[in-house]
Each structure stands twice: as structure tokens, then as C-alpha cells.
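**Student:** Here you go, sequence then predicted model.
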Amino acid sequence: MNIGIPREIKNSENRVAMAPSGVFTLKNAGHDVYVETGAGLGSGFTDEQYEEAGAVITSTAKETWSQEMVMKVKEPLPEEYDYFYEGLILFTYLHLAAEPELTKELIDKKVVGIAYETVQLSNGTLPLLTPMSEVAGRMALQTGAQFLEKPKGGKGIILGSIPGVKRGKVTVIGGGVVGTNAAKLAVGIGADVTIIDLSPERLRQLDDLFGSSINTMMSNPMNIGAEVAESDLVIGAVLIPGARAPKLVTEAMVKDMPEGSVIVDVAIDQGGVIETSDRITTHDDPTFIKHGVLHYSVANMPGAVPRTSTIGLTNVTVPYALQLANKGVVKACQDNEALLKGINTLDGYVTYEAVAQSHDLVFDEARALLESKE
Ligand SMILES: NC(=O)C1=CN([C@@H]2O[C@H](COP(=O)(O)OP(=O)(O)OC[C@H]3O[C@@H](n4cnc5c(N)ncnc54)[C@H](O)[C@@H]3O)[C@@H](O)[C@H]2O)C=CC1
Ligand SMILES: CC(=O)C(=O)O
């Protein structure tokens, strides 16, 4: 199969879909990989390194996008919609629940849209989201801590504090991969940490993992309101796979937070869990203030640490890319239930239920559509 790796064009997005190690693996399996010139530079990979790994360097985005499968990092931007064609396999983060226009384009152009973030193993985990959530969780804490400094607009505290001064309070809403990684760093610097989750099972696991170094609480409006009001840093880390994130922190709760507090809404890529984080920000201009509270809502946080993120992403996506390239989309997805769950659009239909619900569209089963293509 011919595989295209375009240069990412989103603001300050320095990741690329594949490190040279991934190209080498695909090339060895008999596939041709077309990497757009300069695509890897932001992650520290030169065209020469890709060529040594076996890639063909393309000079235009158009040529890169004309391959049978295109692998990206971020969802395509409107400037890229013209490259879509019927039957194109697009393998990338899509976040379609928050992207009505992109969903329409993928349907209209009959693109096979396979979303990294909905590839799901039978134990419920999301193997292609995990490394980026690990990065974003760790970044959420270090970014939040930075913005609590006075010159950055915060209230002027160190989360871990010093002897004789009360520790800063961090509330993490959603105790999955992002939440756990944020909490690890928060505990590490000595903050007072609470994790709120809806799953009693998950709360038990977190209690086993962290012991008495964190508080765990059930997710309900009363607990969230009380914890948020006392927090210096709130991290939004909830996920309902494929669906728009629920608005768990209301505007009234944000108004109760002291001036100079900070919110990092990591779940912004799925619409965000904070009612007042009503816009996506960029690495160039990452924050805005509402009711005196500093909001950070960058949808591509790992883009700021591209070297770690590109290698982490390549590690997990290449085994799935190999299956798609070796077997073709029909057989690969029939043989692998996790990959099947990644298909969000196929032949002009929406094949992920939560996406269909988000946009009030009809849902069709991917398996049945694939059978009709055999
Ligand atoms: N902004 C960015 O750059 C990035 C954003 N993300 C996003 O971060 C979010 C979290 O991702 P992961 O941690 O990987 O997901 P995850 O699936 O590992 O964890 C989500 C957690 O939310 C909990 N949850 C569900 N409903 C809840 C509710 N009503 N109240 C409290 N908790 C609830 C679940 O029980 C689960 O523990 C996702 O939206 C993901 O796309 C991930 C990476 C980068
Ligand atoms: C998960 C995602 O959207 C990102 O890493 O940018």
C-alpha cells in the first residue's frame, strides 16, 4: 500500500504522524511511504533521515494526500478538505463529536475515517490515545503550575508550597490516563490532590495506586462544586469515548473560584468539561481569563513536546498501520475488533454511534458495511 505522511499545519503543531523508525518498519513489510518535505523537522527528524529509512520525500501536500492511506496527527483543517477523495483511508485523531463540518466532509467525500481515539481494546482501553494522554496529563500539571505564577497571570503560589505555608490544591476531574498522569506529578511536587471520577471501580484502583497521598471522590454536581471552589488548579480530564464531553463544571462553579486560580481543560478536544472554556486556544496564545480565573484550553497539548510525542505515537500506531496496509481496510478491521471500533465514517455513513448522536445523524454498523464490500 502507498502511505502518505503530510506536514501538520495546525498552529504550533510540531508532531508528525510517523518517526523514521515507523517508515523503516512499513518499508520492510513492502509498503511505500511518502513523507512531505519538512514534515518531521518540528520533531527533530530531517528529510535525509526519512530517506535513509526508505521514504520517498514529496514536495507538495497534494501529492502526499493522493496516496491510498494518509496518516496524520491532528484532524484535517478546512484547507485540507479539498484533498479528500472517495475511498481514501484517513488514519488520525479526528474528534468528530466536536467537528460537525469535518464530519460532513468525510461523509460527502466517502472517506474511510479511522480515528485513533476510538480504537478500543476489549478491556475498554484506548491504545492510540494513551501515550498522548500520558503526555497531556503530565503537561497539564506543569502548565497549570506555571500559570499560577503571578507574572503569568495566576494568584502567585507554588503548588507544593514551603514549610509553614498551606499547600496548593489540585482537583482532577476524570481519573483515567490524563488524570492519573496529572495526579502523579501533582503528588510528586507535594500538592493537595483530589481525583473525581464517576466509576467506583476506577476510584478503587486510584486508591490502590496512590494510597493516602490523594483524596478520591465520586463525580456528582455537589462534590464537584465544593472541590472546585477550593481549588487553585482544576484539570478537566473526562472522556466518554467518541462523544462530546459533559459540562461538569458550570459557570457558577467557576465564579466561586478565587481570582488567579487556573483551569486546564484537557478534554477540550472533545468539547471540554468546563462550561466557561468555550473556545479552543493555541500554543501561541494559550489562555484567556473569565470571572478572574485563567483558562488554558489547547486541544493539541502534546504538540508542544513533539519529540517525545511523535516517538510515543509512532510506537503505538505503526502496528495498526501495518495491519491496514498488509490486509486492506476490510480484512484488517474484520480481523481486529479494536481497529473496527476506530472506523468513524465509511462509504458516506457515520459508523460511530456517539458521533452520530452528537450531530443528530443516522448511525450505521461498520461491520455490516464492510461485509457488503467483500
Ligand atoms: N488537549 C489535548 O491535547 C489532549 C486531550 N486529551 C483528551 O483528554 C481527555 C481524557 O483522556 P483519557 O484520560 O485518555 O481518557 P480515559 O478514558 O483514560 O479517562 C477518562 C475518565 O473519565 C471518567 N469519567 C467519565 N465520565 C465522568 C464523569 N461524568 N465524571 C467524572 N469522571 C468521568 C472515566 O471513568 C475515566 O476514568 C479526552 O477527551 C482526550 O481526548 C488527550 C490527549 C491530549
Ligand atoms: C489526542 C489529541 O488530540 C492530541 O494528542 O492532539
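**Tutor:** Structure's in. What do you need? Residues are numbered from 1 along each chain as shown. Ligands and ions are numbered 1, 2, ... in the order given.

**Student:** Run the chain-centre distance for stretch 151-162.
**Tutor:** On the basis of CA atoms, centre = their mean, to the nearest Å, stretch 151-162 is displaced by 27 Å from the centre of the chain it belongs to.

**Student:** again, but for stretch 230-249
**Tutor:** When distances are taken as CA atoms, centre = their mean, stretch 230-249 is centred 13 Å away from the chain's centroid.

**Student:** what about that stretch, start to end distance?
**Tutor:** With CA to CA, to the nearest Å applied, stretch 230-249 spans 13 Å between its terminal residues.

**Student:** and if you look at stretch 330-343?
**Tutor:** Using CA to CA, the end-to-end distance of stretch 330-343 comes out at 11 Å.

**Student:** touching ligand 1 at all, it?
**Tutor:** No - where contact is defined by CB under 6 Å from any ligand atom, no part of stretch 330-343 touches ligand 1; the two come within 13.5 Å at best. (Each C-beta comes from the backbone N, C-alpha and C, glycine too.)

**Student:** buried set for that stretch?
**Tutor:** Of all the residues in stretch 330-343, those buried under the rule 16 or more other CB atoms under 10 Å are 330, 332-334, 336, 338-343.

**Student:** In helices, which of those fall?
**Tutor:** Here DSSP state H is the test, and these give 330, 332-334, 338-340 as lying in helices.

**Student:** Take these and lay them out in a markdown table including distance to ligand 2 and pLDDT.
**Tutor:** Supplementary listing: these in a markdown table, determined by distance: CB to the nearest ligand atom, whole Å; pLDDT from 0 to 100:
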| residue | distance to ligand 2 | pLDDT |
| --- | --- | --- |
| 330 | 27 | 97 |
| 332 | 22 | 98 |
| 333 | 21 | 97 |
| 334 | 26 | 97 |
| 338 | 17 | 98 |
| 339 | 18 | 98 |
| 340 | 20 | 98 |
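
**Student:** Out of these, which is nearest to residue 293?
**Tutor:** residue 338 (38.7 Å; CB to CB).

**Student:** contacting residues for that closest one?
**Tutor:** For residue 338, the residues meeting the contact criterion (CB atoms under 8 Å, 6 or more residues apart in numbering) are 119-122, 127.

**Student:** tally of neighbours for the residue of the stretch 1-150 of the chain found nearest ligand 2?
**Tutor:** Here the stretch 1-150 of the chain gets closest to ligand 2 at one residue, residue 132, 3.5 Å apart by CB to the nearest ligand atom. Residue neighbour count, defined by other CB atoms under 10 Å, stands at 26 for residue 132.

**Student:** Over to residue 353?
**Tutor:** Considering only other CB under 10 Å, residue 353 is surrounded by 13 other residues.

**Student:** Nearest residue to residue 203 in space, please, no chain neighbours.
**Tutor:** Excluding the flanking residues, the one nearest residue 203 by CB to CB, 6 or more residues apart in numbering is residue 216, at 4.5 Å.

**Student:** what packs against the strand or helix carrying that neighbour?
**Tutor:** With elements delineated by DSSP states H and E, residue 216 resides in strand 214-218, which encompasses its position. Contacts defined by 3 or more CB pairs under 8 Å, 6 or more residues apart in numbering; DSSP states H and E place strand 214-218 against strand 192-197, helix 200-210.

**Student:** 10 Å instead, please
**Tutor:** Under the contact criterion of 3 or more CB pairs under 10 Å, 6 or more residues apart in numbering; DSSP states H and E, strand 214-218 touches strand 169-173, helix 177-188, strand 192-197, helix 200-210, helix 221-229.

**Student:** Quick one: the helices in the stretch 251-374 of the chain, in order.
**Tutor:** Secondary structure of the stretch 251-374 of the chain (DSSP state H, counting those that start in this stretch): helices at 251-255, 306-335, 337-340, 353-358, 366-373.
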